[in-house]
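A.B. asks: no FASTA, just this:
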């Protein structure tokens with residue numbers, strides 16, 4: 001029923017399936033999205049995983065025990081079984097501990113969260129005057145960072161506040177009133193709290209911008225500039241991004257003081273992900289092709305990417321009607337709905353998670369066997385982030401992209 005091709009494939013017009021744009025989208029945006037997808041070289045979506053018998057090992061300069069960090073923090077790190085840092089941690093942690101501003105160029109999954117959390121936790125252990133603001137693009141990433149913060153600061157009594165949309169703001173206001181050392185949030189909710197005069201950034205002397213390129217894509221740069229302008233000076237500023245486009249470089253130049261750049265170069269796509277396309281013929285219905293594909297026994301834990309919130313919800317509903325255990329996640333879901341969907345998918349209670357690109361970055365869900373691009377991403381960079389949800393660590397993953 002479904003057809004795969006391993007030869008070079010030319011460009012084809014994109015036939016959008018099962019989705020619609022939000023009210024804010026214009027006809028021009030629709031045309032641009034279709035055009036950008038049609039311009040993609042589909043041959044890039046075909047690649048066999050490379051199995052190597054010898055792997056070039058990274059030799060870190062330090063052990064976690066070598067870092068000049070508080071003994072209680074070192075114990076929490078050791079209790080989690082961490083001995084050697086990842087490359088981004090090895091390069092960034094000593095510089096942050098020295099008080100330097102840092103630009104970290106690293107993808108999701110490289111350990112960058114610990115790279116900035118550990119030295120900042122150390123600073124708050126040493127002085128109650130140290131306060132850190134961590135700004136991220138998505139609620140899911142904010143939640144993951146808060147979880148890491150709690151684990152690394154176990155037994156310290158360190159307070160944090162999570163400020164994200166889709167969750168009750170009253171609870172967040174109460175957390176802020178307890179004078180937390182860390183505030184982790186998304187730009188829109190942070191700005192809302194400031195405008196309500198519930199959050200003041202005048203005493204915050206540390207800032208982390210995580211996944212800055214993603215925040216640029218989402219149109220948050222103006223809000224970020226506003227938030228930074230309200231902070232104390234001098235301050236320590238840490239920027240982490242997978243790429244460094246011109247707008248981010250200019251932002252860093254304006255707000256960072258004599259920064260040092262720590263760059264972890266990664267391959268364009270993971271070598272351990274099998275990638276292929278699924279051809280959908282003119283006489284075939286796309287949902288039927290997907291149905292047959294999902295019946296394969298190796299489809300154990302699958303993320304399916306669509307483009308629009310409406311299309312994602314519609315596809316998840318159709319899959320449930322066909323007997324699959326599926327749920328959906330996108331930006332219009334409440335935080336409790338998103339957390340429930342992620343929790344059920346992570347625990348294996350739902351076999352399939354249908355998602356917009358909100359799940360393409362920042363989520364580290366273990367044992368995802370397959371990623372399916374039911375709708376083609378707008379660009380190749382988004383494709384890379386989508387398929388990066390599978391093939392984590394030393395496991396072989398699989399990615400399929402539907403092509404009409």
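C.D. replies: In hand now; what should we look at? As the structure is a computational prediction, the values presented were derived from the model and not from experiment. Numbering: from 1, shown residues only.
A.B. asks: When you work out contacts or count neighbours from here on, use the C-alpha atoms and nothing else.
C.D. replies: Fine.
A.B. asks: Would you mark the buried spots in the helix or strand harbouring residue 227?
C.D. replies: According to DSSP states H and E, residue 227 maps onto helix 221-229. By neighbour count on 16 or more other Cα atoms under 10 Å, the buried set for helix 221-229 is 221, 223-224, 227-228.
A.B. asks: now the strands for this structure?
C.D. replies: Using DSSP state E, the strands found in the chain span residues 102-105, 132-135, 160-163, 182-185, 206-210, 236-241, 260-263, 273-279, 302-305, 326-329, 352-355, 370-373, 397-403.
A.B. asks: Take those strands and lay them out in TSV including mean neighbour count, mean pLDDT and distance to residue 193.
C.D. replies: As requested, these are exported to TSV (neighbours: other Cα atoms under 10 Å; pLDDT from 0 to 100; distance: least, Cα to Cα, whole Å):
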stretch	mean neighbour count	mean pLDDT	distance to residue 193
strand 102-105	24	94	27
strand 132-135	24	98	13
strand 160-163	24	97	8
strand 182-185	25	98	11
strand 206-210	22	96	17
strand 236-241	24	95	22
strand 260-263	18	93	32
strand 273-279	22	91	42
strand 302-305	27	96	32
strand 326-329	26	92	25
strand 352-355	27	94	28
strand 370-373	26	95	37
strand 397-403	23	93	40
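A.B. asks: Just tell me which of those ends up closest to residue 79.
C.D. replies: strand 160-163 (21.5 Å; Cα to Cα).
A.B. asks: contacts for that closest one?
C.D. replies: By Cα atoms under 8 Å, 6 or more residues apart in numbering, the residues outside strand 160-163 that reach it are 142-143, 146, 169, 172, 175-176, 180-186, 189-190.
A.B. asks: Could you check how far it is from the centre of its chain?
C.D. replies: Counting by Cα atoms, centre = their mean, to the nearest Å, strand 160-163 is centred 18 Å from the centre of its parent chain.
A.B. asks: What strands line up against that strand, and which way round?
C.D. replies: According to DSSP bridges, strand 160-163 forms sheet pairs with strand 182-185 (parallel).
A.B. asks: List the contacts of the partner strand.
C.D. replies: Contacts of strand 182-185 (Cα under 8 Å, 6+ apart): 131-136, 139, 142, 145-146, 159-164, 176.
A.B. asks: try it again with 7 Å
C.D. replies: Contact partners of strand 182-185, identified using Cα atoms under 7 Å, 6 or more residues apart in numbering, comprise 131-136, 142, 159-164.
A.B. asks: Which of those residues sits closest to residue 211?
C.D. replies: Checking the contacts of strand 182-185 against residue 211 by Cα to Cα gives residue 136 as the nearest, at 6.6 Å.
A.B. asks: now residue 344: how far from residue 351?
C.D. replies: Per Cα to Cα, to the nearest Å, residue 344 is found 9 Å from residue 351.
A.B. asks: where do the helices sit along this protein?
C.D. replies: With helices called from DSSP state H, the chain shows them at 27-38, 71-79, 87-97, 112-126, 139-152, 169-177, 187-195, 212-217, 221-229, 246-255, 286-294, 309-321, 335-347, 380-387.
A.B. asks: weakest of these by average pLDDT?
C.D. replies: In terms of average pLDDT, helix 27-38 trails the rest of the helices of the chain, at a mean of 47.
A.B. asks: just to revisit the earlier point, and the angle from the helix holding residue 227 to strand 206-210?
C.D. replies: 160 degrees (axes from the mean of the first three to the mean of the last three Cα atoms, to 10 degrees).
A.B. asks: Could you double-check that residue 107 sits in contact with residue 244?
C.D. replies: No - taking contacts as Cα atoms under 7 Å, residue 107 lies outside contact range of residue 244: 11.7 Å.
A.B. asks: More neighbours: those two, which one.
C.D. replies: residue 107 (22 against 16; other Cα atoms under 10 Å).
A.B. asks: now the more buried one, nearest residue through space, not along the chain?
C.D. replies: Among residues not flanking residue 107 along the chain, residue 242 sits closest, at 4.8 Å (Cα to Cα, 6 or more residues apart in numbering).
A.B. asks: same thing with residue 215?
C.D. replies: Nearest residue to residue 215 in three dimensions, chain neighbours excluded: residue 137, at 5.2 Å (Cα to Cα, 6+ apart).
A.B. asks: if we can go back for a sec, of residue 344 and residue 351, who's got more company?
C.D. replies: Neighbours were counted for residue 344 and for residue 351 using other Cα under 10 Å; residue 351 has more, 20 against 16.
A.B. asks: Could you measure from that one over to residue 324?
C.D. replies: Distance of residue 351 to residue 324, computed by Cα to Cα: 8 Å.
A.B. asks: likewise residue 346?
C.D. replies: Distance of residue 346 to residue 324, computed by Cα to Cα: 16 Å.
A.B. asks: just residue 397 next, same as before
C.D. replies: For residue 397, the distance to residue 324 equals 21 Å [Cα to Cα].
A.B. asks: Give me the phi and psi angles of residue 167.
C.D. replies: Phi and psi for residue 167, reported as degrees, to the nearest 10, are phi -130, psi 160.
A.B. asks: pretty sure it is touching residue 335, no?
C.D. replies: Yes - judged on Cα under 7 Å, residue 167 makes contact with residue 335 at a distance of 5.4 Å.
A.B. asks: shared neighbours of those two, anything?
C.D. replies: In the contact map built from Cα under 7 Å, 6+ apart, no residue is linked to both residue 167 and residue 335.
A.B. asks: the more surrounded of these two?
C.D. replies: residue 335 (18 against 15).
A.B. asks: Distance of the more buried one relative to residue 130?
C.D. replies: Distance from residue 335 to residue 130, counting by Cα to Cα: 29 Å.
A.B. asks: Equivalent analysis for residue 151, please.
C.D. replies: 19 Å.
A.B. asks: Which one's more surrounded, those two?
C.D. replies: More neighbours surround residue 130 than the other of residue 151 and residue 130, with 19 against 15 (other Cα under 10 Å).
A.B. asks: and the more buried one, what does it touch?
C.D. replies: 123-124, 181, 205.
A.B. asks: For residue 231, grab the count of nearby residues.
C.D. replies: By other Cα under 10 Å, 18 other residues sit near residue 231.
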